[in-house]
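> Here you go, sequence then predicted model.
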Amino acid sequence: MKPNLLIVDDEEHTREGLELALEEKFEVFLACSAEEAFNALEAEKFEVVLTDLRMSGESGMSVIDFALKHASDPICIMMTAYGEVEVAVEAMKRGAFDFLSKPVNLEKLELLITRGLNERKLKAENHELHQRLDKTYSFEGILGKSPALEKVLEQVKLVGPSKATVLVTGETGTGKELVAQSIHQNSERSRGPFVPVHCAALPSNLLESELFGHEKGAFTGANERRIGRFESAGGGTLFLDEIGEIDSSTQVKLLRFLETKSIERLGSSKTIEVNARLVCATNRNLLEMTKNGEFREDLYYRLNVVTVELPPLRERGDDINLLLQHFLEYFASDNNFTIPILEPDARSILRNYSWPGNVRELRNFCENLVVLKRGLSVSQYDLDPRFSSPATQGENNEILPSTSNLSVEENEKRLLRNALLQAGGNRTKAAKLMGISRRTLHRKLSRWPELDLK
């Protein structure tokens, strides 16, 4: 694609002359005033802005100020009349790349633009490289030291440097995208882009365009060419989350990419080679889907070269306290609040909770706790009843089911009585079944002595 260039000048012949000279190498847009330039900069991404200094209305200095605040961070070149060097130097102090005196030497202008684009690209690459220095075998954002998680991280270390397609599986909320990022980070492509796409978030008719791009006029509403995520991920990694949700048409195109390493934009028959590594993720059983005819078998085996299976949080018990502390500290710092203190009985209950929403549920719980319990001590009595419900406890907690229509106090008394019955009156065992400390159980029995079997 040609770089987008915006020419801002209130003299028509100057605008048209520059457009004629530059349109072969650039997608040229024209504006006859600063106001028109502002509108263009808000509507389009520009790599280059070429503006006259003196115009009716606001000056070119305003255009440069506006452009440099724009997200695309274009290189800005000022055109000035003879004798306005001091003003042009002021523009450069504000961030302009350079300036040229009128009448503009076209050869010098093209060289200046080329140099600016090269420096812009180098700056972006250096910034990205700086962010990634000393991150070999980096697992930023993945917290834990449980054996189940250590096994996953060892797999990532092994598969990262390879060229293999990877399928990341696991329940919702287990951190599949973080693992995909770690695979990318530990690969030779770490200097390239990591491009995530959440397949279930887009309707099937939009997903194809999002992935493969389209040409102008490919369908109603396609008013301009669009580069897809595959091309954007060139030299890097494309991460397709919830791959089990894509329709049959997209499955066929994805299979073709895996076989040929090439794609076609919608509305075009031109084949485009793409150098992108594919990492996919799903919380569904793709093998079962192939048996039911919901997913192509040939695509499944193409994707399933290497599988990294993430354990649910209930199988990472050793990590729960670590994650709780991390997220409590994070959200307290983010909101400038004091960190709530989890009492041992509360920690014990949370440690034994099954966390069906996995790390995502734990993260949301911590944010809620920080907002509502700023700096306060949190005991088991402050926790939602769901955390103590036997139905949501780990596999080893076999307390008899409670009745959901009882009050919180009645429900808790029933749980305690059932635990004591199952433990044969042994308080230590009953406390373990409930996920609380023995001292907490004693405190409860002091409050409700009629429950004690002794």
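Structure's in. What do you need?
> you'd agree Leu109 is up against Leu100?
Yes. Between Leu109 and Leu100 there is a contact at 6.1 Å, judged by Cβ atoms under 8 Å. From N, CA and C alone the C-beta is placed, and that goes for glycine too.
> what touches both of the two?
Residues touching both Leu109 and Leu100 by Cβ atoms under 8 Å, 6 or more residues apart in numbering: Ile77.
> could you measure Ile142 against Thr174, distance?
Relative to Thr174, Ile142 is positioned 11 Å away (Cβ to Cβ, to the nearest Å).
> higher neighbour count, these two?
Neighbour count, other Cβ atoms under 10 Å: between Ile142 and Thr174, Thr174 has more, with 25 against 17.
> if I pick the more buried one, what's in contact with it?
So Thr174 contacts Leu310, Pro311, Pro312, Leu313, Asn358, Val359 (Cβ under 8 Å, 6+ apart).
> out of those residues, who has the most neighbours?
For the contacts of Thr174, the largest neighbour count, defined by other Cβ under 10 Å, is 28 neighbours, found at Leu313.
> can you pull the pLDDT of it?
Looking at Leu313, its pLDDT is 93.
> what residues are up against it?
With contact taken as Cβ under 8 Å, 6+ apart, Leu313 is in contact with Gly173, Thr174, Asp319, Ile320, Leu323, Trp355, Asn358, Val359, Glu361, Leu362.
> burial count for Asn418?
Close neighbours of Asn418, defined as other Cβ under 10 Å, add up to 20.
> Could you do the one 10 residues further on as well?
Counted with other Cβ under 10 Å, the burial measure for Thr428 works out to 10 neighbours.
> can you confirm it is in a helix?
Yes. Counting by DSSP: H, G, I helix; E, B strand; the rest coil, Thr428 is found in a helix.
> Leaving out the residues flanking it, which one is nearest to it?
Nearest non-adjacent residue to Thr428, counting by Cβ to Cβ, 6 or more residues apart in numbering: Arg438, 5.6 Å away.
> What is the nearest of the contacts of Thr174 to Met434?
The nearest member of the contacts of Thr174 to Met434, counting by Cβ to Cβ, is Leu313 at 20.0 Å.
> Tell me the pLDDT of Glu409.
Note on Glu409: pLDDT of 67.
> cool, and Thr172?
Thr172 is assigned 90 on the pLDDT scale.
> which residues does it contact?
Neighbour list for Thr172: Asn283, Gly357, Asn358, Arg360 [criterion: Cβ under 8 Å, 6+ apart].
> how many neighbours does the closest residue to the second one other than its chain neighbours have?
The one in question is Gly357. Leaving aside its sequence neighbours, Gly357 sits nearest to Gly173 (Cβ to Cβ, 6+ apart; 4.9 Å). Per other Cβ under 10 Å, the neighbour tally for Gly173 reads 20.
> before we move on, what SS does Gly173 have?
For Gly173, the secondary structure call by three-state DSSP comes out as coil.
> quick one: it and Val104, what's the gap?
Distance from Gly173 to Val104, by Cβ to Cβ: 57 Å.
> Also Ser262?
In this view, Ser262 and Val104 are 41 Å apart by Cβ to Cβ.
> now Gln251
Gln251 is 53 Å from Val104, by Cβ to Cβ.
> Would you confirm that Pro50 belongs to a strand?
Just so we're on the same page, residue 50 is Leu rather than Pro. Yes. Checked against three-state DSSP, Leu50 lies within a strand.
> just checking, it touches Met79?
Yes. Using Cβ under 8 Å, Leu50 is in contact with Met79, at 6.7 Å.
> Between those two, tell me which one has more neighbours.
Neighbours per residue, other Cβ under 10 Å: of Leu50 and Met79, the larger number sits with Leu50, 28 against 24.
> can you map out the helices along the stretch 1-150 of the chain?
12-22, 34-43, 60-68, 85-93, 106-132, 147-159 (DSSP state H, counting those that start in this stretch).
> Relative to Lys121, which of the contacts of Thr172 is nearest.
Nearest to Lys121 out of these is Arg360 (Cβ to Cβ; 36.7 Å).
> among the contacts of Thr174, which are in helices?
Of those, the ones assigned to helices by DSSP state H are Asn358, Val359.
> for Arg54, what are its contacts?
Taking Cβ under 8 Å, 6+ apart, one finds Gly60, Thr80, Ala81, Glu84 in contact with Arg54.
> what stretches of this protein score poorly on pLDDT?
In the predicted model of the chain, residues 71, 82-83, 125-141, 389-411, 453-454 satisfy pLDDT under 70.
> separation between Lys261 and Thr307?
Computed with Cβ to Cβ, the distance linking Lys261 and Thr307 is 21 Å.
> and if you look at Glu90?
59 Å.
> Sketch out the strands for the protein, chain order is fine.
4-8, 27-31, 48-52, 75-80, 98-101, 166-169, 194-198, 237-241, 262-263, 272-273, 277-282, 306-309, 341-342, 377-378 (DSSP state E).
> Minimum distance to Gln155: which of the ones you listed has it?
Of all these, strand 306-309 sits nearest to Gln155, with 5.1 Å by Cβ to Cβ.
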